[in-house]
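>>> Sequence and predicted structure, then a few things I'm wondering about:
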Amino acid sequence: MKVYFKSLGLHLKSLLEYKASFITTFLSQILVFFSYYFTILALFTRFDNIKGFTLYEVLLCFGVIQFGFAFNESFARGIDRFDKLIIHGEFDRILLRPKNIILQAAGYDEDFAKVSRLLQAIIVIVIALVNLDIAWSPLKLITLLLMMVAAVIVFFSIFLLAASYCFITVQGLEVTNVFTDGGKHMAQYPIGIFKKGFVWFFTFIIPYAFVNYYPLLYFIGKINNPIYAFSPLLVFLYLIPCILIFYRGIKKYTGAGS
Amino acid sequence: MRAYLSYFRLRFITCLQYRAAAWAGIATQLFFGFVYIMVYMAFYESGSAELPMELPQLITYIWLMQSLLSLVSMFYKDEDIFSLVRTGNIAYELARPKNLYFMWYFKIIGDRLAKVLLRFVPFIIFLLILPVPYRISLPASLPHFLIFIATMTAGSLLMTTIITLYPIITMHTLSEKGIVGIIIAFAEILSGIVVPIPFFPKFLQVISKCLPFQYVSDLPFRIYVGNIGINDGLYGLLIQIIWIFIMGTLGYILMHKSLKKVVVQGG
């Protein structure tokens, strides 16, 4: 872990050598992120609810999932771009070092411009919370924290799965974009608004619904059963097989030359 | 002219090599199309007093967007031209006895057309056999369709004049991420790719009317679905042509200005 933070620091230092470039990139990231919730804002000027969910409820949903994605993009970029690690032979170097492989791969490449998305996601969450009328209780606070951690874990799990796939195919698979980018895009909205088949897939195959739908229902008081508050814990379980598959992949790994 | 056309052909053939990527692209665009449609459906079912577009029109608009996205998108990630500027290989380009602006122009449009033509036919066939609420509709009428073809062609030319500006600006900034990234994000929003223009708040509709971006794809798509009438469509075509002229001249002048004081990076 200490090594991971050291590599983080080094990446940051190298970036700050080019200050103007860093600042403009940061700004452009803010705008790109804005285009994501621009859809929600624009549509809510026309409609006052989407299947009973109000603007700030949707924004909270959006903020949580974007927080998870941006966290991975900022701090675990190496896993997201795992095929590059393998193609360039960098992964062989990682294997030689006596440190945790997943952490090393995660810290291999950091993208600090993406931190702007992380900040913005947090701001969106705060704005949503201020405008929502929530009957706060200790359990609700726990629910919110669980949701945010689960958002980070769900994307980390999927990136790990996609990375394990790279061991077999070497080239990254574009179709996985459907599950990360596409899934992220869908989970911006409360998953209940979609048709049955979609909801089923993104509940049981990839557990987005447990990140920001079922706990959200409890959090905003649509459902009062406290079991819903702990549903993000299922996402934590999801991580275990993903890690196991990744390590199985490493055992099969034969290197890609150079 | 023949040299430029062969640039176009070369890029086309290169793109045809990546068939697997094309299928993955189709899958992604289908998925996104369904997500967008379901979101709009949910909004429409929740009711509202004034709807700027009917649902079937909107669904067809979304499918047109998804099937032509690689042609009309304001994003430009192709490393080739950007790395020319960054690595100094632009020197080789300058050594060629052809106009750099038009070389880049045809490279970009060739790239875009190749990507779209690869995916378009299987995609559209699939969309035509989808079950009813999701199926893409036929054009509003034959005249609408003809003006759609004309404005789509002009829109593609306009798109290329805008995209060609990105590497030209990069000649000044040396990194395609900062300023160019900001322009791309603005262009993407104001072109109606994120949300169709009729759903914009009023003041933004006024702003985007004064800019070229909504004439790339929003205009032709709305003509196709019948949201814009024949006369307004022809008027839009005129504005498109004016914008092609303005953006083209701007790019051409900017490029030749910066070529005068170009500093080749690296050796």
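Sure thing, it's come through. Residues are numbered from 1 along each chain as shown, chains lettered A, B, ... in the order given.

>>> contacts and neighbour counts: CA atoms only from here.
Will do.

>>> helices and strands around the one helix or strand residue A:124 maps to, which ones?
When elements are assigned from DSSP states H and E, residue A:124 belongs to helix A:115-131. With contacts taken as 3 or more C-alpha pairs under 8 Å, 6 or more residues apart in numbering or on different chains; DSSP states H and E, helix A:115-131 sits against helix A:19-46, helix A:55-75.

>>> Can you say which of those is nearest to chain B?
Ranking the helices and strands packed on helix A:115-131 by proximity to chain B (C-alpha to the nearest C-alpha) places helix A:19-46 first, at 4.1 Å.

>>> Mind checking if the closest one is in reach of chain B?
Yes: contact between helix A:19-46 and chain B is present through A:21-29, A:31-32, A:35-36, A:38-39, A:42-43, A:45-46 (criterion: C-alpha under 8 Å from any C-alpha of the partner chain).

>>> one step back: please work out which of the helices and strands packed on helix A:115-131 is packed deepest.
Mean neighbour count, computed with mean count of other C-alpha atoms under 10 Å in any protein chain shown, is highest for helix A:55-75 among the helices and strands packed on helix A:115-131, reaching a mean of 25.

>>> helix or strand right after that one?
Sequence order places helix A:77-80 as the next helix or strand after helix A:55-75, per DSSP H and E.

>>> Using PDB, write out every CA atom in that following helix.
What follows is the C-alpha trace of helix A:77-80 in PDB, where atoms were taken according to Å, rounded to 0.1, in the frame of the first residue of the first chain:
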ATOM      1  CA  ARG A  77      -6.400   3.400 -14.300                       C
ATOM      2  CA  GLY A  78      -3.900   0.600 -14.900                       C
ATOM      3  CA  ILE A  79      -6.600  -2.000 -14.400                       C
ATOM      4  CA  ASP A  80      -8.900  -0.200 -16.800                       C
END
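
>>> Residue B:60 against residue B:225, yeah?
Yes: between residue B:60 and residue B:225 there is a contact at 6.8 Å, judged by C-alpha atoms under 8 Å.

>>> For those two, work out which one has more neighbours and name it.
When residue B:60 and residue B:225 are compared for neighbours, residue B:225 comes out ahead with 27 against 23, by other C-alpha atoms under 10 Å in any protein chain shown.

>>> re the thing from before, joint contacts of residue B:60 and residue B:225?
residue B:137 (C-alpha atoms under 8 Å, 6 or more residues apart in numbering or on different chains).

>>> Can you name the residues of the stretch 101-250 of chain A sitting close to chain B?
A:174-175, A:177-178, A:182, A:186, A:193-195.

>>> and residue B:51, how many neighbours?
By the measure other C-alpha under 10 Å, the count of residues near residue B:51 is 13.

>>> could you give the angle of the next helix or strand after the helix holding residue A:124 to helix A:115-131?
Tracing the chain C-terminally past helix A:115-131 and defining elements by DSSP H and E, one meets helix A:138-169 next. With axes from the mean of the first three to the mean of the last three C-alpha atoms, to 10 degrees as the criterion, the two stretches helix A:138-169 and helix A:115-131 enclose an angle of 150 degrees.

>>> Give the buried residues for helix A:138-169.
Of all the residues in helix A:138-169, those buried under the rule 16 or more other C-alpha atoms under 10 Å in any protein chain shown are A:140, A:143-144, A:146-167.

>>> And for stretch B:91-100?
B:91, B:100.

>>> And for stretch B:75-94?
Using 16+ other C-alpha under 10 Å as the test for burial, stretch B:75-94 gives B:75-76, B:81-86, B:89-91.

>>> ok, now stretch B:46-64?
When neighbours are counted by 16+ other C-alpha under 10 Å, the buried residues of stretch B:46-64 are found to be B:53, B:56-64.

>>> now residue B:161: how far from chain A?
Going from residue B:161 to chain A by C-alpha to the nearest C-alpha, to the nearest Å gives 21 Å.

>>> Which secondary structure element is home to that residue?
Assigned by DSSP H and E, residue B:161 belongs to helix B:142-173.

>>> quick one: buried residues of that helix?
Residues of helix B:142-173 classed as buried by neighbour count (16+ other C-alpha under 10 Å): B:144-145, B:147-149, B:151-173.

>>> and what of stretch B:239-255?
Buried residues in stretch B:239-255, defined by neighbour count with 16+ other C-alpha under 10 Å: B:240-241, B:243-244, B:247-248, B:251-252, B:254-255.

>>> quick check: mean pLDDT across stretch A:194-212?
Per-residue pLDDT over stretch A:194-212 has a mean of 91.

>>> List of residues touching it?
A:61, A:64-65, A:147-148, A:150-151, A:154, A:183, A:187, A:190-192, A:231-232, A:234-235, A:238, B:35, B:38-39, B:42.

>>> what distance separates the start and the end of that stretch?
According to C-alpha to C-alpha, to the nearest Å, stretch A:194-212 extends 14 Å from its N-terminal end residue to its C-terminal end residue.

>>> List the buried residues of it.
For stretch A:194-212, by 16+ other C-alpha under 10 Å, it's A:194, A:199-200, A:202-203, A:206-212.

>>> and if you look at stretch A:87-106?
Residues of stretch A:87-106 classed as buried under the neighbour-count rule (16+ other C-alpha under 10 Å) are A:87, A:90-92, A:94, A:101-106.

>>> Taking those residues together, which two end up most distant?
The widest separation within the buried residues of stretch A:87-106, taken as C-alpha to C-alpha, falls between A:87 and A:103 and amounts to 18.9 Å.

>>> and the closest residue to residue A:152 other than its chain neighbours, what is it in contact with?
With C-alpha to C-alpha, 6 or more residues apart in numbering or on different chains as the criterion, residue A:152 has its nearest non-adjacent residue at 3.8 Å, and that residue is residue A:68. Residue A:68 makes contact with A:148-155, according to C-alpha under 8 Å, 6+ apart.

>>> what does the stretch 51-200 of chain B put close to chain A?
B:51, B:175, B:177-179, B:181-182, B:185-186, B:189, B:194-195, B:199-200.

>>> remind me which residues of the stretch 1-150 of chain B are low pLDDT?
Per-residue confidence of the stretch 1-150 of chain B (counting by pLDDT under 70) places the weak regions at B:49, B:78-79.

>>> burial count for residue 135?
Defaulting to chain A. By other C-alpha under 10 Å, the residues close to residue A:135 number 9.

>>> that's the other chain; I wanted chain B
Counted by other C-alpha under 10 Å, the residues lying close to residue B:135 total 17.

>>> so who does it touch?
B:59-60, B:127-129.

>>> and those, which of them are in helices?
Of these, the ones assigned to helices by DSSP state H are B:59-60, B:127-128.

>>> Just give me the closest of those to chain A.
residue B:59 (15.3 Å).

>>> what residues are up against the residue nearest to that closest one when sequence neighbours are not counted?
Leaving aside its chain neighbours, residue B:59 sits nearest to residue B:37 (6.2 Å; criterion: C-alpha to C-alpha, 6+ apart). By C-alpha under 8 Å, 6+ apart, the contact set of residue B:37 is B:59, B:62, B:134.

>>> cool, residue A:161 as well?
With contact taken as C-alpha under 8 Å, 6+ apart, residue A:161 is in contact with A:242, A:245-246.

>>> Would you tell me what helix or strand residue 189 is located in?
Picking chain A for this. Residue-wise, residue A:189 maps onto no helix or strand under DSSP H and E.

>>> that's the other chain; I wanted chain B
Assignment of secondary structure by DSSP H and E places residue B:189 within helix B:179-190.

>>> Any idea how far that helix is from the middle of the chain?
Between the centre of helix B:179-190 and the centre of its chain there are 13 Å (C-alpha atoms, centre = their mean, to the nearest Å).

>>> cool, stretch A:136-150 as well?
Going by C-alpha atoms, centre = their mean, the spacing between the C-alpha centre of stretch A:136-150 and its chain's C-alpha centre is 17 Å.

>>> could I get it in PDB with only the CA atoms?
What follows is stretch A:136-150, C-alpha atoms only, in PDB (Å, rounded to 0.1, in the frame of the first residue of the first chain):
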ATOM      1  CA  TRP A 136     -31.600  11.400   8.800                       C
ATOM      2  CA  SER A 137     -30.800   8.500  11.100                       C
ATOM      3  CA  PRO A 138     -27.500   6.600  11.700                       C
ATOM      4  CA  LEU A 139     -28.700   3.800   9.500                       C
ATOM      5  CA  LYS A 140     -29.300   6.300   6.600                       C
ATOM      6  CA  LEU A 141     -25.800   7.600   6.900                       C
ATOM      7  CA  ILE A 142     -24.400   4.000   6.800                       C
ATOM      8  CA  THR A 143     -26.600   3.400   3.700                       C
ATOM      9  CA  LEU A 144     -25.100   6.300   1.900                       C
ATOM     10  CA  LEU A 145     -21.600   5.300   2.800                       C
ATOM     11  CA  LEU A 146     -22.200   1.700   1.700                       C
ATOM     12  CA  MET A 147     -23.600   3.000  -1.600                       C
ATOM     13  CA  MET A 148     -20.600   5.000  -2.300                       C
ATOM     14  CA  VAL A 149     -18.100   2.200  -1.400                       C
ATOM     15  CA  ALA A 150     -20.200  -0.300  -3.400                       C
END
